[in-house]
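Visitor: how does the following fold in three dimensions:
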Amino acid sequence: MPLNIERMFAYNKNKRSCKGVVLMPIKCVGQIVEIVYLDRTGKITQRKIEVKGIRDGIVRAICLTSTAPRTFWAENILAWKPVPKGERRPNAC
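Guide: As a prediction, the model looks like this:
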């Protein structure tokens with residue numbers, strides 16, 4: 001699934017970013033957020049996740065498409081935003 005450019009937001013303009021690293025506050029735990037992520041192969045993906053925990057630069061979450069646990073390096077999260085309750089359908093992981 002191609003990235004939805006209209007819904008993406010630049011991490012360098014994001015108020016939640018700090019020196020290029022996007023900060024996800026602890027209040028996101030238990031919430032569904034949409035992230036733009038740079039994976040280990042250099043591929044940029046956009047996905048919806050349910051955040052289970054944030055610790056030591058690692059975000060533990062459940063991918064809403066596969067319902068499988070995933071681990072994300074916080075430094076590779078390029079952008080994130082909370083998902084409104086009406087838009088919580090999963091997309092491809």
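
Visitor: can we go C-alpha only for contacts and neighbour counts from here?
Guide: Noted.

Visitor: what's around Arg55, how many residues?
Guide: Neighbour count of Arg55, defined by other CA atoms under 10 Å: 9.

Visitor: got a list of what it touches?
Guide: By CA atoms under 8 Å, 6 or more residues apart in numbering, the contact set of Arg55 is empty.

Visitor: can you tell me how far it sits from Ala74?
Guide: Plainly put, Arg55 is 9 Å away from Ala74 if you go by CA to CA, to the nearest Å.

Visitor: same question, Gly57
Guide: From Gly57 to Ala74 the distance is 5 Å (CA to CA).

Visitor: same question for Lys43.
Guide: From Lys43 over to Ala74 (counting by CA to CA), the distance is 16 Å.

Visitor: more neighbours, these two?
Guide: Ala74 (19 against 8).

Visitor: in the chain, where is pLDDT below threshold?
Guide: Applying pLDDT under 70 to the chain picks out residues 1-23, 87-93.

Visitor: can you show me the strands along it?
Guide: Ranges of strands in the chain, per DSSP state E, are 17-18, 21-22, 32-38, 44-55, 58-63, 69-73, 77-82.

Visitor: quick one: contacts for Ala61?
Guide: 49-53, 69-72.
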